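Asker: Model the structure of this input:
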Amino acid sequence: MLKGRQRRDWFWLLPLLLAVAACGPGVGGTGTGEGFALEFFGAKRASVCSSSFAGTLKCPSTIVIGPTPIDESAGSEPVLWVDDPGAAQIIVRINASEAELNAQCGGYRFAGTWGETEDGTRRFFGHYSAPGADVAMPGKLLVESEGERVLSYTLTDAKGGTLFGPVSLLRTEAEPTLSSCSTVSPSPLGGATFR
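Answerer: Next up, the predicted model:
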């Protein structure tokens, strides 16, 4: 049983506890916590190192005798893709099995996790923001290999309608010089609310 002072302390904590509970999954109450987009699309987390374009990434190399599943938590070391290293307008960062696309000059941004649906559809599932929109919506980023150091990226909405791309990007080892319109932020969906 709580005594007088303890009851008062709990009383003052109650609004804080209610506010935290109301936030929902994820950071800041967006409802976009880890796995939210995967669940939305009926997908399960997978390692991007099991993708068809894994050879263009920096996946761990191991020598294994016999078949072995790829660890779902394993992914690529950070890799950077740009349209033009000397004046980048479009940047994609892949780190572990997460991707961030920032097409600042076009106004599109995306953040997502590599996953696979029951029917075998594999891509990055996440959220995008578009020009003139204050709300980040569920979206998918399709990636296809076009060569040893070139990947094609296509951003689609939840229904599969193309929003941006396909655009061919080059892998680069160094941070690119940004074009005059680029204001690439470390958080691709910063400031957006989620739906």
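Asker: Let me know the secondary structure of Tyr153.
Answerer: strand (DSSP: H, G, I helix; E, B strand; the rest coil).
Asker: correct me, but it touches Leu142?
Answerer: Yes - if you go by CB atoms under 8 Å, Tyr153 and Leu142 touch, sitting 7.2 Å apart. C-beta coordinates here come from the backbone N, C-alpha and C atoms, glycine included.
Asker: which of the two has more neighbours?
Answerer: Using other CB atoms under 10 Å as the criterion, Tyr153 and Leu142 rank with Tyr153 on top: 23 against 17.
Asker: Next up, the contacts around the more buried one.
Answerer: 81, 92, 101, 141-143, 165-167, 169 (CB atoms under 8 Å, 6 or more residues apart in numbering).
Asker: isn't Gly132 right up against Gly106?
Answerer: No - in this structure, Gly132 is not within contact of Gly106 by CB under 8 Å, at 11.9 Å.
Asker: residues bridging contact with Tyr153 and Leu142, i.e. touching both?
Answerer: Pro166.
Asker: Would you mind listing which of the contacts of Tyr153 are buried?
Answerer: Buried subset of those (neighbour count, 16 or more other CB atoms under 10 Å): 81, 92, 101, 141-143, 165, 167, 169.
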